[in-house]
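>>> pasting the sequence and the predicted coordinates here, then a few questions.
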Amino acid sequence: MKKEMKQAALDYHALPKPGKTAVVPTKPCETQHDLSLAYTPGVAEPVRAIAADPEAAYRYTNKGNLVAVITNGTATLGLGNQGALACKPVLEGKAVLFKRFADIDVFDIEVDAPDRDAFIDTVANIAPTFGAINLEDIAAPDCFAIEEILRARLDIPVFHDDQHGTAVIICAGLLNALELQGKKLSGAHIVLLGAGAAGLATIQLLIALGARRDHILLLDSKGVIHPGRPDINIYKRRYAQATDKRTLADAMRGADVFIGVSAANTVSPEMVKSMAAKPVVFALANPDPEIRPEIAHAARTDLIMASGRSDYPNQVNNVLGFPYIFRGALDVHANSVSRAMLIAAVRALAQLAHEPVPAEMLRAYGLTQLAFGPDYIIPKPLDPRLIHTVPPAVARAAIDSGVARAAYPAHYPKPAA
């Protein structure tokens, strides 16, 4: 990052007051009567109501619109283990995105836990405060066990965005890219480089959407994940393939799809050239992708390309997913985020990219036109239709999959028959 940009980032976070978020009251507190309702003695009435019926917390408190974004700081962006406190600016930033895109309130919570179990206990013990939990910036493989255990212990959604949020956006873009290339997910041969949180969650969701497990090759920094490797954990071993391919170059040969959630400059032009006709390349490492789009396009004129960067077309950006998935989950008081809810989010995002783009979005991006095609396979973050499209789909899926405790909201559009 350039020196001027570094200073601008520091100034942004420091001035005119430190940090990016604040807590403000939502009820009047101007008179003695107001105060008597806000606190004692009036506050006793909702206390009694909630003690008698815990669901009343959704009526009398902010629980139904409050998400905890929680980390232990072990995987802070691309910076690695920076510790819980250093991760606070990231979580404050996540809180800003929740509020900006889905009007969801957030408490950012940085837990300096000595081990995995202590972290799990901390999150479980504070969970009654919240309507949902967003786990953030937690290193693999601990992140998998943490999410699994918390999902089992808690009766509110627990969602690790680095896993499932990333997977949702990747899958939505991939469905559209394959459609444009005249291919189907069920027949696609897929190479996935990166066997951490995002990579493993993406495989799970791809299979749920119809991809064939035996058509997916998973690789980590040491090569193809296959049953003969003694160095793979139980999470990677689930997706080991019996194959004689060992390197990324081997895996890429004849592949229809490459998805990278790994490291910069790991894919060469020769690897892209070796792929099948009309390939799809998602190089999502940030800030520097596995292969830069201009290099990939120079190698193949028939490919569709996506990256994690905003300065290229087809940015795979988690802000397309997590605010709206949580909005839909909160609005029906879901007790978890089901696989059906994730699939609903995928399909809603994929379909939205097919729709005519509103003029206000064109103005926001300084464009004169934008339509579904190789350079527009996924909605853009400032699309105002996202809040009206994804949460209703997620809420309906929550109801249909049996994890909702409230009815489909009256202010939502009526679901299609």
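Received it, and whenever you're ready, just let me know what you need. Numbers count the residues shown, from 1 in each chain.

>>> spatially central residue in the chain, please.
Nearest residue to the geometric centre of the chain (C-alpha atoms, centre = their mean): residue 165, 1.8 Å.

>>> can you show me the helices along the stretch 251-400 of the chain?
Assigned by DSSP state H, counting those that start in this stretch, the helices in the stretch 251-400 of the chain fall at 269-273, 293-299, 322-331, 339-352, 359-364, 386-400.

>>> looking at those helices, which is closest to residue 43?
Smallest distance to residue 43 across the helices of the stretch 251-400 of the chain (C-beta to C-beta): 23.4 Å, for helix 322-331. C-beta here means a position set from N, CA and C on the backbone, and glycine is covered the same way.

>>> okay, now residue 21: neighbour count?
16 (other C-beta atoms under 10 Å).

>>> so who does it touch?
Shown in contact with residue 21 (C-beta atoms under 8 Å, 6 or more residues apart in numbering): 92, 95, 96, 99, 106, 108.

>>> got it, and residue 104?
Residue 104 sits next to 65, 66, 67, 98, 323, 326, 327, 330 when contact means C-beta under 8 Å, 6+ apart.

>>> pull the most distant pair out of these.
Farthest pair in the contacts of residue 104, by C-beta to C-beta: 66 and 323, 13.9 Å.

>>> when these two are compared, which one has more neighbours?
The residue with more neighbours, out of residue 66 and residue 323, is residue 323; 26 against 16, by other C-beta under 10 Å.

>>> pLDDT weak spots in this structure?
Applying pLDDT under 70 to the chain flags the ranges 1, 415-417.

>>> keep only those of the contacts of residue 21 that are in helices.
With helices taken from DSSP state H, the overlap with the contacts of residue 21 comprises 92, 95, 96, 99.

>>> against residue 78, how distant is the nearest residue to the third one once chain neighbours are set aside?
Read it as residue 96. Excluding the flanking residues, the one nearest residue 96 by C-beta to C-beta, 6 or more residues apart in numbering is residue 20, at 5.3 Å. Between residue 20 and residue 78 the computed distance is 20 Å (C-beta to C-beta, to the nearest Å).

>>> of those two, which one has the most company?
Taking neighbours as other C-beta under 10 Å, residue 20 and residue 78 compare with residue 20 leading, 17 against 11.

>>> contacts only, for that one.
Counting by C-beta under 8 Å, 6+ apart, residue 20 makes contact with 13, 89, 92, 93, 95, 96.

>>> now the helix or strand harbouring the second one: how far from the chain's centre is it?
Secondary structure assignment for residue 89, by DSSP states H and E: helix 88-102. Computed by C-alpha atoms, centre = their mean, to the nearest Å, the separation of helix 88-102 from the middle of its chain amounts to 13 Å.

>>> what of stretch 12-28?
On C-alpha atoms, centre = their mean, the centre of stretch 12-28 falls 25 Å from the chain's centre.

>>> ends of that stretch, what's the gap?
Taking C-alpha to C-alpha, to the nearest Å, stretch 12-28 runs 31 Å from one end to the other.
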